[in-house]
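S.K.: model the structure of this input:
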Amino acid sequence: MTIPPQSPAPRRAWIPPRAFPRTRSPSHAPQAHHEGMHAEPPEPAELTFPRPAPPPTRGGDARTPESDPVPPPPGGMLWDLVGEVRTLLTLPAALLLQVAHPAVGAGVDEHSVFRTDPWGRAERSLHSLQLWVYGQDRAVEEGHRLRRLHRGIRGTDSRGRPYHALTPAYYAWVHATGFPVFQHTQRYLGKRPFTPAQERQLYAEWLRVGRVLGIADRDMPQNLEEFWPYYRRTLTEELEPNTVVRDLVSITEPLPPPDRGPRAARLLLRAGWPVLGPMLSRLRRFVTIGYLPPDARRALELPWSVAQERRLRRFSAVVRHILPRLPERLRYLPAARAARAAHRARARRGLAGSPAPAS
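M.R.: Next up, the predicted model:
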């Protein structure tokens, strides 16, 4: 697998269009308008990404990755990561990073059912994520569906700024959070940290996911030299421990028992929920805060002790040693398992149909 060529030298610090005000107010008091922000978001049907004219290719066909998005490649890094069950432990940290942005948090607070239907929302989000990576032709369809779903989500964030869910800077941040969480949690849940080459390959594949979601290249950092300054700037200038962040790490907010799955399992869980519910809430808080990158944890003012870090490392070591020994039918989620099996079958057919090497 090849890694897309990178710029020989870092470009200037990348800032997405209209992503940040020039300065951060010392308080979070609502303000009527910030320089560089949308005074009023455009209507959803008019939300388009300006693109430079693409260079002509052979035969006069002009294409760009954005106009013809291609999901991550079968057999790539995301095919190994996204569908494995240990990824379920890392998704809450990425979600927390997303909603810590004032605009994203306000949209989730006002328009999401994460409080009233947490299991349904989690199931739908996980299904969508699997399609981005393993869906092939359906991946782009899912990207279009999500954009239609977000067209009506608008309001005012905690700093008094109007937001629309499809504003490129906000939509791109939701996508961007996956990469630092993958990169950080590999240190705990993987056999060893990613090499620099693996990090570049993973980021290149994650850019493909962004294009599948309809995010323009101009709204995403195009390499790691651009990504990390953008990420750190967002941590320091934008993120805040808002209401949604506090709710997602709360152990006092009641978590309802699962309302889906086999009936016998639901009845059994419901009977034991007075004990299991608080235990699950504590585990959720533990892995959500624990698998956040430390700089994000500090930005959100979330407590984390040396003793908790030791427990997280022990917990991660158990997961890291047990899961790789499980058969694939237990190790991977159904959609990922089916896609991986189909890819292997196609590869075998291709190999069987190839001519024998000359002797």
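S.K.: sticking with the residue lying closest to Pro221 once chain neighbours are set aside, tell me its helix or strand.
M.R.: Among residues not flanking Pro221 along the chain, Phe227 sits closest, at 4.0 Å (C-beta to C-beta, 6 or more residues apart in numbering). Where C-beta positions appear, they are placed from N, C-alpha and C, glycine not excepted. When secondary structure is defined using DSSP states H and E, the element that contains Phe227 is helix 224-237.
S.K.: mind listing what's buried along that helix?
M.R.: Neighbour-count burial for helix 224-237 flags Leu224, Glu226, Phe227, Pro229, Tyr230, Tyr231, Thr234, Leu235 (criterion: 16 or more other C-beta atoms under 10 Å).
S.K.: okay, those in CSV with pLDDT next?
M.R.: Below are the buried residues of helix 224-237 laid out as CSV (pLDDT from 0 to 100):
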residue, pLDDT
Leu224, 97
Glu226, 97
Phe227, 97
Pro229, 97
Tyr230, 97
Tyr231, 97
Thr234, 96
Leu235, 96
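S.K.: tally of neighbours for the closest residue to Leu224 other than its chain neighbours?
M.R.: For Leu224, ignoring the flanking residues on the chain, the nearest one in space by C-beta to C-beta, 6+ apart is Tyr203 at 5.7 Å. By other C-beta atoms under 10 Å, 22 other residues sit near Tyr203.
S.K.: correct me, but Tyr203 touches Glu226?
M.R.: No: counting by C-beta atoms under 8 Å, Glu226 is not a contact partner of Tyr203; they are 10.0 Å apart.
S.K.: quick one: the strands in this structure?
M.R.: 154-156, 162-164 (DSSP state E).
S.K.: next, the buried residues of the least confident helix or strand in the chain by mean pLDDT.
M.R.: Every helix and strand in the chain was compared by mean pLDDT, DSSP states H and E; the lowest is helix 334-352, with a mean of 87. By 16+ other C-beta under 10 Å, the buried positions in helix 334-352 come out as Ala335, Ala336, Arg337, Ala339, Arg340, His343.
S.K.: show residues contacting that helix.
M.R.: 74-75, 79, 82-84, 127, 130-131, 133-136, 328-329, 332 (C-beta atoms under 8 Å, 6 or more residues apart in numbering).
S.K.: only the buried subset of the residues you listed, as a PyMOL command please.
M.R.: Only the buried entries of those go into this PyMOL selection, using 16+ other C-beta under 10 Å:
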select buried, resi 74+79+82+83+84+130+131+133+134+135+332
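S.K.: in helices only, show me the contacts of helix 334-352.
M.R.: Counting by DSSP state H, the contacts of helix 334-352 place Trp79, His127, Gln130, Leu131, Val133, Tyr134, Glu328, Arg329 in helices.
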